[in-house]
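Colleague: model the structure of this input:
(2 chains)
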Amino acid sequence: MRSRARGGHGARRLRRVALPSVGLLALAPAAWAAPWTDPASATGTVLTAVTPVAPTVACPGALGIGSITFAWPAVPNATGYTVAYGLGGGQSTTVTSPSITLTGLVSGGRLSVRTDYGAWRSAPSSPTRTYSVLLAAVSTCS
Amino acid sequence: MASRGRHRARRRPRRGWIVLAASGLAVLLGVPGTWAAWTDAAGVTGTSVTAGTIDLKVDNGDSVTTSTLSMSAMVPGATSAQVLTLRNAGTAPLKWTAAGGVSGTDAGAYASAGALQLRLVVGGTRSGSGNAATCSGGTVLLGSTALTASTSTSLVSTRQGPLAAAATTALCVELTFDANAPQTLAGATAGLTLTLTATSDVS
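Modeller: A predicted model of the protein is given here:
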């Protein structure tokens, strides 16, 4: 109890001293502590994100017996290509080089290619190619 | 009655003497003495005082234009890096802080997406090339931090150094175009400004 009472008086005394001191500090000029400064800057850096470009896929590609190969000019800055093929273009695969060979006994469908830029992707190549792969016959493309 | 008058006559002169003495004493006490102490001085000369200077240079300049960090046709995940040499061209030691951000038409779009990130490595070296260059080695001063659309945003607020007069330090700057940046940024352009500020406060 005693120590509490003393502590209470002490706190009150501290407040009485501290509050005016804070007031005096607020009035004190700050200029005395201002250090010298000297900036140096680096500019000139220009950052431009890529604009995705769809590849141009030519037809007929390479027609063979039981296979068909599509190749297209490499697209600058591409990290890969996503190829949609098969019936209605419902199947998909990715390639890193600008070509793909489709094989099968008897198959066909529609083909389009998108350019990949990391997580980004271009619109599909246009026009979409229609192809057929025939066993023991030359494949077709249009 | 006559005897009374005689008594009065005797008392008057005594009172006069007292008044005169008191006045004299007051005059003596009231007038300051004229005195002077002896003095002696010994001079110390020959001391010259010259203020120090702080002068921070980046690649030997106060305002360096560099295109090494530039990236055209950035794809998500692309990086660029450059080593800047900081030099104290002054006569007093200094410490330094860093601030920076992106500017230009699409700065806001980059900033709101947090798509451009900066990393600072003291003593780091550049490895790789083109849009795949990175900083390696050294001590990471600032981990990957998204740049804001204000070129005065504080990046390193804790004073670094001290850098003694004529001393240099290598600062590797690495930029990353975030791998998950939204495709709405396709074709967007922004510029980078990095400002290093020296201070004489080396505490």
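
Colleague: list the contacts for B:Ser152?
Modeller: B:Ala99, B:Gly101, B:Thr195 (Cβ atoms under 8 Å, 6 or more residues apart in numbering or on different chains). C-beta coordinates here come from the backbone N, C-alpha and C atoms, glycine included.

Colleague: identify, from those residues, the entry nearest to A:Thr69.
Modeller: Distance to A:Thr69 across the contacts of B:Ser152 (Cβ to Cβ) is lowest for B:Gly101, with 49.3 Å.

Colleague: up against chain B, what does chain A have?
Modeller: Residues of chain A found near chain B (Cβ under 8 Å from any Cβ of the partner chain) are A:35-52, A:76-77, A:79, A:117-121.

Colleague: I'd like the contacts of B:Ser152 laid out as TSV, including secondary structure, pLDDT and neighbour count.
Modeller: Listed next are the contacts of B:Ser152 as TSV, based on DSSP: H, G, I helix; E, B strand; the rest coil; pLDDT from 0 to 100; neighbours: other Cβ atoms under 10 Å in any protein chain shown:
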residue	secondary structure	pLDDT	neighbour count
B:Ala99	strand	98	19
B:Gly101	strand	98	25
B:Thr195	strand	98	20
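
Colleague: chain A next: which of those are close?
Modeller: Here is what survives when the contacts of B:Ser152 are matched to chain A using Cβ under 8 Å from any Cβ: B:Thr195.

Colleague: let me know the closest of the contacts of B:Ser152 to B:Thr184.
Modeller: Relative to B:Thr184, the closest of the contacts of B:Ser152 is B:Gly101; by Cβ to Cβ it sits at 20.0 Å.

Colleague: so where's chain B shaky on pLDDT?
Modeller: By pLDDT under 70, the low-scoring segments of chain B are B:1-17, B:19, B:23-34.

Colleague: show me which of the residues of chain A next to chain B are buried.
Modeller: For these, a neighbour count by 16 or more other Cβ atoms under 10 Å in any protein chain shown gives the buried set as A:38, A:40-45, A:47-50, A:52, A:77, A:79, A:117-118, A:120-121.

Colleague: before we move on, the earlier item: return the member of the contacts of B:Ser152 nearest to A:Gly86.
Modeller: Among these, and counting by Cβ to Cβ, the member closest to A:Gly86 is B:Gly101, at 48.1 Å.

Colleague: distance check, the closest one against chain A.
Modeller: 12 Å (Cβ to the nearest Cβ, to the nearest Å).

Colleague: residues in contact with that residue?
Modeller: Per Cβ under 8 Å, 6+ apart, neighbours of B:Gly101: B:Ala107, B:Ala111, B:Leu147, B:Thr148, B:Ala149, B:Ser150, B:Thr151, B:Ser152, B:Thr153, B:Leu192, B:Thr193.

Colleague: any idea which element the nearest residue to A:Thr93 once chain neighbours are set aside lies in?
Modeller: Nearest non-adjacent residue to A:Thr93, counting by Cβ to Cβ, 6 or more residues apart in numbering or on different chains: A:Val83, 5.4 Å away. Assigned by DSSP states H and E, A:Val83 belongs to strand A:80-85.

Colleague: rounded mean pLDDT for the next helix or strand after that strand, please.
Modeller: Per DSSP H and E, strand A:80-85 leads on to strand A:91-95 as the next helix or strand towards the C-terminus. Averaged across strand A:91-95, the pLDDT comes to 96.

Colleague: now swap in stretch A:129-140 and tell me
Modeller: Mean predicted lDDT for stretch A:129-140 stands at 76.

Colleague: kindly check the end-to-end length of it for me.
Modeller: 10 Å (Cα to Cα, to the nearest Å).

Colleague: quick one, helices of chain A?
Modeller: A:2-27 (DSSP state H).
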